[in-house]
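# below are the sequence and a predicted model for it; my questions follow.
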Amino acid sequence: MIRRRVVVRLGLGILLAIGAASTALDVKARSDTALVERTMGVLEKSSELRVLLRQAEAAARGFALLGTERFVTEFQETSGQIPSAWADLQQLVQDNPEQSERLRSIEDVVQRRIALAGELIRVYAAHDRAGLQALAASSAGPVAMATINEALNAFDEQERQLLALRAATSNRTGSWLLAIDLAGVGLLLVIAFHLIRRTYLSDRALRTSLDQSQATATSLEAQALQQRSDLATAYDELRRSSAILENTFNSMAEGVLVVDPEGTVMLSNQAAGHFFGEGKTFAEMLAANHFYESDALTRIDDEDLPIARALRGLSFDRREVVVKPTDGRPQFRLMVSGRPLRTSLGTINGAALVYYDVTDLHEIERQLLQAQKLDAIGQLTGGVAHDFNNMLTIITGSIEVMIDTVRDRPAAAELAALIGKAADRCTELIRHLLAFARKQPLRPRDIDVNATVQDIAKLLRPTLGEQVEIKTILAGEDLIAHVDSAQLANALVNMAINARDAMPDGGKLLLETLSTTLDDAYAAANAGVVAGRYVMIAVSDTGAGMPADVKDRVFEPFFTTKEAGKGSGLGLSMVYGFVKQSGGHLKLYSEENRGTTIRLYLPAARAVQPIEPEQDTALPRGSETILVVEDDPLVRDFVLSQLQSLGYTTLSAAYGAEAQTIIAQDRAVDLLFTDVIMPGGVSGSQLAEAVTAARPGIRVLYTSGYTDNAIAEHGQLLADALLLTKPYRRAELAQMVRRALDSRAVALGSA
């Protein structure tokens, strides 16, 4: 009994011990399961927080890229869920000081990331380019997101370690329960089975929960990757479209300006920068340029400028303005259209203006009007001269009768003789007027131009005086022109006398002859010229030259800059009429303080024959880069088109300072092709010196409307400088450019 009792008691003790141990282990297993489940909840909530942050960031970027309102709604919904998810996560780890501290360390960063995403939406919606550029430059969003990801990665890693530790502990507890149940044999079988079953169920639930969490995380990651891929594709398409638009925008010939209400330039293309200067505000444009009405004389008030009018809400089209830069650049004549830019509420938030350069068109119109004016003056002059000549015939005939009648009365005879002299002067005047009107009787014949020029030079030496040095440079071939020799001699004398008057302190007069060809391109740019072969006679002086306003009127009858009584103003008008009536062409080149050259193109003896077109295959070509500096826009456009057709890459500038800016940009340039005389304070030779000093490898080719010998007489270039005189044919241009590029050393022009 005692042993049984002992056994029973021992058995009861064992049973009690097993029961107590089983109870304790069951409690521990429950605790471990709860810890594992809570750890899984922490990981799920952390994953949910990551997804919400990524969705908010993706929605903000999607709105910035596509401007779709659904992204704003998605951002608001997503960002509204983040605080709740954040609070739940903090609640789950409140018993873990280290994890709680880690969350607190990035709480401000999370809020700042949400705020930055919201700021991106706000700035883009407000079209604040400066704000967008500032956000992009600061990279605050990516930095904040990187900090958040780094902290959450560390947070998740610690939770996974806790999960592994707690799962291992739970497994060990189950093993102990199984061992105790087996040791208790049959007494603890039911309890052991129950505990094992509960342990199994807990483990299965744990594994199921882990699998579900992993599947959820994988699904969310796949969605995030898909969204990222879609956004990247959209961004690439947007970037490609933006590049196409930007290239198109910058290649436009029209200048485009978009300004904000304060006049700050928000958007402009290269053409607008060429007109007004790069990166200028409205105030800077006013300081760097003067704006005039279409007459180029009436200054436009600041409040009436196109930008100011558009910012006041006025729309307008094709308003013509003249822009005169203060830095010496040539003026621009622009046709401008403007529109105010308005918000959805109707308030003005800027203006858009388009400028079309009509400088070349205006110059062509001016030349046409000048030719029409001369023709109209010629018709009027011819009609008046014809009628006056008829009346003068009666007067001169009556004077002869009167002289015979009053021979015995000295006073009356003297008066009659005076009237006769006045009538002779009138006859000479009428002859000049008829010459200008191209109605004088001409007796054209084949003449030796070289011989005529030599004879005139001999005649001029005593006429012009010793202070004027006369030099003739004649072509080596026979030059036969079909013109009136007497009228040609008269024209040369008139031009020589004008040259002498332009050199009151003495100087040099140069007479040159040359056989030349005027091609179709030259004829197209000069009204009334027929392409073909001509005999050219050039008369050059080293005098004071002419300003632009004088050059425009120099061939008008009775126009003169001489003092009263020292010139009738009919000399050059007679020359103009004679050349035109002879079927020729006249060209004048003159700059103040640079002398004057007048070229007469007279028809060859067998008339002007059409010239055969040049064959491109016979011309030297190249692929080098040529900087063309020419102030005449028509000539500049002609040269650029010809050089481009020969394979060259071209850059262009209208004056020396602009060319120096291009050189300073370190752009590749192989040849400088520059006019010798240009406005803006920098001559062609000075430009060449500056360019070759900065870039010794650049070759130099000069061009000028003055003849080679006139340039040499003025001392404007060194003797070995390469010079292509205007006008020139395409073949001459191609050969001289190739010669300049192939030369090892090109002489620099003198200052």
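Yep, that arrived.
# does residue 541 touch residue 502 like I think?
Yes - under the criterion of Cβ atoms under 8 Å, residue 541 is in contact with residue 502, at a separation of 5.7 Å. Placement of C-beta: from N, CA and C, glycine included.
# what touches both of these two?
595, 596 (Cβ atoms under 8 Å, 6 or more residues apart in numbering).
# more crowded one of the two?
Taking neighbours as other Cβ atoms under 10 Å, residue 541 and residue 502 compare with residue 541 leading, 27 against 20.
# now the more buried one, nearest residue through space, not along the chain?
Distances taken as Cβ to Cβ, 6 or more residues apart in numbering put residue 499 closest to residue 541, at 3.7 Å, once the chain neighbours are dropped.
# which positions within the one helix or strand the one you found maps to qualify as buried?
Here residue 499, judged by DSSP states H and E, is contained in helix 485-501. Within helix 485-501, the residues that qualify as buried are 485, 487-496, 498-501, counting by 16 or more other Cβ atoms under 10 Å.
# would you put the C-alpha positions of it in CSV?
Presented in CSV, the C-alpha positions along helix 485-501 are these (Å, rounded to 0.1, in the frame of the first residue of the first chain):
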residue,chain,number,x,y,z
SER,A,485,32.6,107.0,-127.1
ALA,A,486,32.0,110.8,-126.6
GLN,A,487,29.4,110.1,-123.9
LEU,A,488,31.7,107.6,-122.2
ALA,A,489,34.5,110.2,-122.2
ASN,A,490,32.1,112.8,-120.8
ALA,A,491,31.0,110.3,-118.1
LEU,A,492,34.6,109.5,-117.0
VAL,A,493,35.4,113.2,-116.8
ASN,A,494,32.4,113.9,-114.7
MET,A,495,33.3,111.1,-112.3
ALA,A,496,36.9,112.3,-112.1
ILE,A,497,35.9,115.8,-111.3
ASN,A,498,33.6,114.5,-108.5
ALA,A,499,36.5,112.5,-107.2
ARG,A,500,38.8,115.6,-107.2
ASP,A,501,36.2,117.5,-105.2
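# need the pLDDT of residue 144.
On the pLDDT scale, residue 144 is placed at 75.
# phi first, then psi, for residue 128.
Geometry field for residue 128 lists phi and psi as phi -90, psi 90, criterion degrees, to the nearest 10.
# could you give the number of residues near it?
Neighbouring residues of residue 128 were enumerated by other Cβ under 10 Å; the total is 13.
# repeat that for residue 109.
Burial of residue 109, expressed as a neighbour count using other Cβ under 10 Å, amounts to 17.
# tell me which element it falls in.
Using DSSP H and E, residue 109 sits in helix 97-125.
# what is that helix packed up against?
Helices and strands touching helix 97-125, by 3 or more Cβ pairs under 8 Å, 6 or more residues apart in numbering; DSSP states H and E, are helix 2-66, helix 69-92, helix 129-138, helix 140-183.
# closest one to residue 576 among the ones you listed?
Proximity to residue 576 (Cβ to Cβ) singles out helix 129-138 among the helices and strands packed on helix 97-125, at 58.2 Å.
# how about that closest one: buried residues?
Buried positions in helix 129-138, judged by neighbour count with 16+ other Cβ under 10 Å: residue 135.
# what about the helices in the stretch 251-400 of the chain?
Under the criterion DSSP state H, counting those that start in this stretch, the stretch 251-400 of the chain contains helices at 270-276, 282-288, 306-311, 359-405.
# weakest of those in terms of mean pLDDT?
Least confidently modelled of the helices of the stretch 251-400 of the chain is helix 359-405, at a mean of 62 by mean pLDDT.
# strands paired with the helix or strand just after the helix holding residue 499, and their directions?
For helix 485-501, the succeeding helix or strand toward the C-terminus, using DSSP H and E, is strand 507-518. According to DSSP bridges, strand 507-518 forms sheet pairs with strand 468-473 (parallel), strand 532-541 (antiparallel).
# how far away from the center of its chain is strand 507-518?
From the chain centre to the centre of strand 507-518 is a distance of 40 Å (Cα atoms, centre = their mean, to the nearest Å).
# do the same with stretch 147-156
The answer for stretch 147-156 is 49 Å, by Cα atoms, centre = their mean.
# all further residue positions should be reported with the first residue as 45.
Sure, I'll start counting at 45 from here, so that last one is stretch 191-200.
# what's that stretch in contact with?
With contact meaning Cβ under 8 Å, 6+ apart, stretch 191-200 is reached by 87, 90-91, 93-94, 97, 143, 146-147, 149-150, 153-154, 157.
# which of the helices and strands packed on helix 141-169 sits closest to residue 279?
Comparison of those against residue 279 by Cβ to Cβ identifies helix 46-110 as nearest, at 5.9 Å.
# is it true that residue 562 touches residue 573?
Yes - counting by Cβ under 8 Å, residue 562 touches residue 573, with 5.9 Å between them.
# which residues does the closest residue in space to residue 692 that isn't next to it in sequence bridge with?
In space, residue 692 comes closest to residue 670 once its chain neighbours are excluded; the distance is 5.2 Å by Cβ to Cβ, 6+ apart. On the basis of DSSP bridges, residue 670 is bridged to residue 694, residue 715.
# what's the neighbour count on residue 670?
Under the neighbour criterion other Cβ under 10 Å, residue 670 is assigned a count of 25.
# that one: what's it in contact with?
Under the criterion of Cβ under 8 Å, 6+ apart, the contact partners of residue 670 comprise 687, 692, 693, 694, 695, 713, 714, 715, 716, 717, 781.
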